[in-house]
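K.L.:
Quick one, structure for this:
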Amino acid sequence: MKQLLLVGFGGGLGSIFRYLTSILTAKYYTNTFPLATFITNVLGCFIIGLLIGSFGQNISSNQNLRLLFITGFCGGYTTFSTFAAENISLLQNNNYLTLIAYTLASIVVGFLAVGLGLVITK
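P.N.:
Modelled structure (predicted):
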């Protein structure tokens with residue numbers, strides 16, 4: 001139960017920060033490029049990199065902090081950060097084919113899933 005609360009609290013904070021990023025961006029930027037999402041994704045990737053680097057590989061001693069900040073906050077702020085971190089891990093472990101397949105499949109299947117959802121709701 002404690003782990004669920006940590007993830008939920010972190011996710012709530014991440015969602016709030018995502019909303020604030022969108023509001024702040026919209027205040028100063030009005031073009032068609034989705035800058036708020038771009039900023040959120042890049043900032044989320046930077047944050048998850050800092051957190052993974054700070055917590056190190058010793059998962060057991062930092063499990064609660066990882067759940068709160070990486071799974072919760074970064075997951076609520078942007079799941080793109082997790083996608084990017086997983087791809088870096090695949091790259092670091094020389095899993096090049098899996099890296100390419102995961103990246104391409106995520107993008108292609110993601111687009112198709114959005115399209116299917118749109119078709120179903122028409």
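K.L.:
helices and strands around whatever helix or strand residue 104 lives in, which ones?
P.N.:
Secondary structure assigned from DSSP states H and E places residue 104 in helix 96-121. Counting by 3 or more C-beta pairs under 8 Å, 6 or more residues apart in numbering; DSSP states H and E, the packing neighbours recorded for helix 96-121 are helix 80-92. Using the backbone N, CA and C atoms, a C-beta is placed for each residue, glycine as well.
K.L.:
Skipping adjacent residues, who's closest to residue 43 in space?
P.N.:
Leaving aside its sequence neighbours, residue 43 sits nearest to residue 21 (C-beta to C-beta, 6 or more residues apart in numbering; 7.3 Å).
K.L.:
show me what contacts the one you found?
P.N.:
By C-beta atoms under 8 Å, 6 or more residues apart in numbering, the contact list for residue 21 reads 36, 39, 40, 43.
K.L.:
and the gap between the residue nearest the centre of the chain and residue 44?
P.N.:
Centroid-nearest residue in the chain: residue 79, 2.3 Å away (criterion: C-alpha atoms, centre = their mean). Residue 79 sits 8 Å away from residue 44, going by C-beta to C-beta, to the nearest Å.
K.L.:
Could you export the contacts of residue 21 as CSV, including secondary structure?
P.N.:
Compiled in CSV, those are given as follows (DSSP: H, G, I helix; E, B strand; the rest coil):
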residue, secondary structure
36, helix
39, helix
40, helix
43, helix
